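1. Below are the sequence and a predicted model; questions follow.
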Amino acid sequence: IPVQTWTTATWPDGSIKWTAHAIPAGAGASAALRVMEGQGGAPAAPVTVKEQGSGIEVRSGNLCWRIATSGESIILSASNKGRETLRDVKLVATAQDRPEIEITRSEAQETITRRRYVSEVTNAVIEQSGPVRAVVKVEGRHRGAERAWLPFSLRLYFYAGSEAVRIVHSFIFDGDEHKD
């Protein structure tokens, strides 16, 4: 079975302490697996990644994803067999000026002010480029009319033989806890 291997930790002398391994989706599902030295080889339909124009293109079988390196959209487009299935995917955050439970009876007629913030991609890098697994890391923050805040990081994981994309989203709340 084709495998992609990488080092996750080393000892102080530089020797390998821990490794991680990825296999194509569905490969070896019915057999016990053992990691051992073997002949190199790529999956029948490898994942490929390349920087192209204003983005990063990831291909896996019939799927093609275009990921932005800057701007509002994180995923510029995705297509399956050449048919576009989505476009201009953004993160959106909404903030309000106070919790709803703090409204007293005298303030009942007052409205809560809500503000909308949209993702602003500041960087995208290829962390792994296949052929079994590809990882793209996208970083940015949320921008609105009056400020940029809530820095985020997204990692998109693509696997040979799979139409699924695993997305891990992290963000830091760097707002004012009394106002946001």
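-> Cool, got the structure. Quick caveat, the model's predicted, so the values are computed rather than measured.
2. Between its first and last residues, what's the separation in stretch 136-156?
-> In stretch 136-156, first residue to last residue: 5 Å (C-alpha to C-alpha, to the nearest Å).
3. and that stretch, which residues are buried?
-> 136-138, 140-144, 149-152, 154, 156 (16 or more other C-beta atoms under 10 Å). Where you see a C-beta, it was placed from the backbone N, CA and C, and this is true even at glycine.
4. wait, which of those is closest to Leu63?
-> Each of the buried residues of stretch 136-156 was scored against Leu63 by C-beta to C-beta, and Leu156 proved nearest at 12.1 Å.
5. Wasn't the closest one part of a strand?
-> Yes. Leu156 sits within a strand when classified using DSSP: H, G, I helix; E, B strand; the rest coil.
6. which regions of this protein sit below the pLDDT cut-off?
-> 101-110 (pLDDT under 70).
7. biggest strand in it by residues?
-> When the chain is parsed with DSSP state E, its longest strand is strand 114-129.
8. Alpha carbons of that one, as PDB, please.
-> The C-alpha trace of strand 114-129 is given here as PDB (Å, rounded to 0.1, in the frame of the first residue of the first chain):
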ATOM      1  CA  ARG A 114     -24.300  43.700  15.800                       C
ATOM      2  CA  ARG A 115     -21.300  44.000  13.500                       C
ATOM      3  CA  ARG A 116     -20.300  41.600  10.700                       C
ATOM      4  CA  TYR A 117     -16.700  40.600  10.000                       C
ATOM      5  CA  VAL A 118     -15.400  38.600   7.000                       C
ATOM      6  CA  SER A 119     -12.200  36.600   6.700                       C
ATOM      7  CA  GLU A 120      -9.100  38.300   5.300                       C
ATOM      8  CA  VAL A 121      -6.500  35.800   4.200                       C
ATOM      9  CA  THR A 122      -3.000  37.000   4.900                       C
ATOM     10  CA  ASN A 123      -1.100  33.800   4.100                       C
ATOM     11  CA  ALA A 124      -1.400  30.300   2.700                       C
ATOM     12  CA  VAL A 125       1.300  27.700   2.600                       C
ATOM     13  CA  ILE A 126       1.600  24.100   1.400                       C
ATOM     14  CA  GLU A 127       2.700  22.100   4.400                       C
ATOM     15  CA  GLN A 128       2.500  18.700   2.700                       C
ATOM     16  CA  SER A 129       2.300  18.100  -1.100                       C
END
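9. All set now, cheers.
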